[in-house]
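[1] need a structure here:
(chains A and B)
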Amino acid sequence: MNVLSKQISRAKDLSQPLFSTLEITQSCNLRCKHCYNFDRSAGANPVQKDLLSFKEIKHILTSLNNLGALSLNITGGEPLTHPDLENIISEAKSFNFHIRLKTNGILLDHNKAKKLFTLGVREVDISLYGADEMTYQKFCKKEGHTKTIEAIRIAKESDLKVNVSIILHKLNFRDLDKMINQVEELGVFYQVSDEITDRYDKTNASNELGLNQSDYTELLQGPYHYFFNHENTEKSLQCGCAKTVIGINAFGDVFPCIGAPIPCGNIRENTLESIWKNSETLINIRNLDFKDFKECVSCPLIESCSRSSGSAFVNTGEYTGCDPVAKVFAKARSNLKKS
Amino acid sequence: MDKNDLLNTDFEITDLISWRNIDGEILILDTSINESAHELNEIGSFIFLEISQGAKLLQIRETLVDTYRDQFDREQIEKDFQQYIEDLIKMKLLVPKK
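    This next block holds a predicted model:
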């Protein structure tokens, strides 16, 4: 067991939320079809008065420090659109968080990247939605490919550790090789994400461009099959949710993970420390056992399944239930293994 | 740097890393310098936290001598302390105070 795994395991036993995600805005400069926040097709951003104020964000950062958080993921919407972003980062750095910014990169220029590093950002996670402008135009409703590739280069030159998330969907999965080549040429770390969920506003048109079983089988048979050959021989169903992971959205709602939007309290009604310690929902999640995932325990696909409880919750409303999207991918893996 | 120079220099933890105390052991995330994570044992964590709070090296060493005098002789503690500080400096986790 390496150092990080060992210490994460210790933090898990203590319910110390080492990994925190704070959504600072839901405003965004893109209109991506798959966005989980809400349906952006109408073009409107959320009412600004409901969003966390800088003062509230400062309180949250203090609380996260009190709870022992080590890493702070700043996300959105697009965090670079937030007018107080630099102040938020300065405040977060004063608590010595490992600060990571999740961005589409389009608004990142040399000056901003250097400033972010100086203020204390150490990592950026930049999403790549396609291999060309045409795909961006269709998927994000705006051009952005050239700027994203440029942002990756700029971030690297500014000493930020760069992680590119290649977001796979129906319009780009056959361009995976091109996207990988583009990222590898820049010499940065990358991962491939095949997961598109329903939206947190309960609409599900986000899934229209998600991969189906046939698309997934094609990927599994392709040159990059190793990104998709997930094996779960240990039949692991639990994650860090509510133990080493915490999420807070742009309205102050506290979640077991930003990917599992189960309301556990709101920082406008209670302190974050109190919510983390006393929320029944969080306590119940911490106490879950393998047998509580009833459908999964008896599922013949369990060893091929990459299910996440957060996605299961978003897609079905059941945190411990079956995620139909993950099941489709598990079927594809299992069928190929058999054949 | 000789022993006396080292102990009389004011050091601070580099701002390129982040760390947290997990039940008495420090976990350090070091993505910018060594691209790794480090863990410190109980005594290492004590020294690290003292430095982060601005304590002088000589003062920390004397606290350690007082605490462990029944288990180890002074010479051994001084030698181990010096080595530990040199290791932190070598890894660039400890830098002269600005």
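
[2] what residues does chain B have near chain A?
    Contact residues (C-beta under 8 Å from any C-beta of the partner chain) of chain B with chain A: B:15-16, B:18-23, B:25, B:27, B:29, B:31-32, B:35-39. The C-beta positions use only the backbone N, C-alpha and C, and glycine is treated the same way.

[3] ok, now how distant is the residue of chain B found nearest chain A from A:Glu123?
    Closest approach between chain B and chain A, counting by C-beta to the nearest C-beta: B:Ser18, at 3.7 Å. To A:Glu123, B:Ser18 is 11 Å away according to C-beta to C-beta, to the nearest Å.

[4] these two: which has the busier surroundings?
    Per other C-beta atoms under 10 Å in any protein chain shown, whichever of B:Ser18 and A:Glu123 has more neighbours is B:Ser18, with 24 against 20.

[5] state the pLDDT value of the more buried one.
    For B:Ser18, the model assigns a pLDDT of 97.

[6] surely it meets B:Ile26?
    No - counting by C-beta atoms under 8 Å, B:Ser18 sits too far from B:Ile26 to count as a contact (10.7 Å).

[7] residue contacts, the nearest residue to A:Ser63 once chain neighbours are set aside?
    Leaving aside its sequence neighbours, A:Ser63 sits nearest to A:Leu272 (C-beta to C-beta, 6 or more residues apart in numbering or on different chains; 3.6 Å). A:Leu272 makes contact with A:59-60, A:63-64, A:67, A:248, A:254 under the criterion C-beta atoms under 8 Å, 6 or more residues apart in numbering or on different chains.

[8] and A:Leu272, how far is that from A:Lys58?
    With the distance defined as C-beta to C-beta, A:Leu272 ends up 12 Å from A:Lys58.

[9] for A:Glu318, see how far away the residue lying closest to B:Asp10 once chain neighbours are set aside is.
    Distance criterion C-beta to C-beta, 6+ apart; nearest residue to B:Asp10, sequence neighbours excluded, is B:Lys97 at 4.1 Å. B:Lys97 sits 54 Å away from A:Glu318, going by C-beta to C-beta.

[10] for the stretch 1-150 of chain A, which residues are neighbours of chain B?
    By C-beta under 8 Å from any C-beta, the residues of the stretch 1-150 of chain A that approach chain B are A:2-4, A:6-7, A:10-11, A:14, A:16, A:18, A:68-71, A:93, A:96-99, A:120, A:122-123.

[11] contacts only, for whatever residue of the stretch 1-150 of chain A ends up closest to chain B.
    Going by C-beta to the nearest C-beta, chain B is nearest to A:His98 of the stretch 1-150 of chain A, at 3.7 Å. A:His98 makes contacts with A:70-72, A:122-123, B:18, B:29, B:31, as judged by C-beta under 8 Å, 6+ apart.

[12] who touches A:Arg153 in this structure?
    Applying C-beta under 8 Å, 6+ apart, the residues contacting A:Arg153 are A:Leu186.

[13] shaky segments in the stretch 151-300 of chain A?
    For the stretch 151-300 of chain A, no stretch is flagged by pLDDT under 70.

[14] related to what we said a few turns ago, now the residue of chain B closest to chain A: phi and psi?
    Per-residue torsions, B:Ser18: phi -130, psi 150 (degrees, to the nearest 10).

[15] and after the longest helix seen in chain B, which helix or strand comes next?
    The residue-count maximum for a helix in chain B (DSSP state H) belongs to helix B:74-90. Sequence order places strand B:94-96 as the next helix or strand after helix B:74-90, per DSSP states H and E.

[16] measure stretch A:240-250 end to end?
    Length of stretch A:240-250, first residue to last, C-alpha to C-alpha, to the nearest Å: 21 Å.
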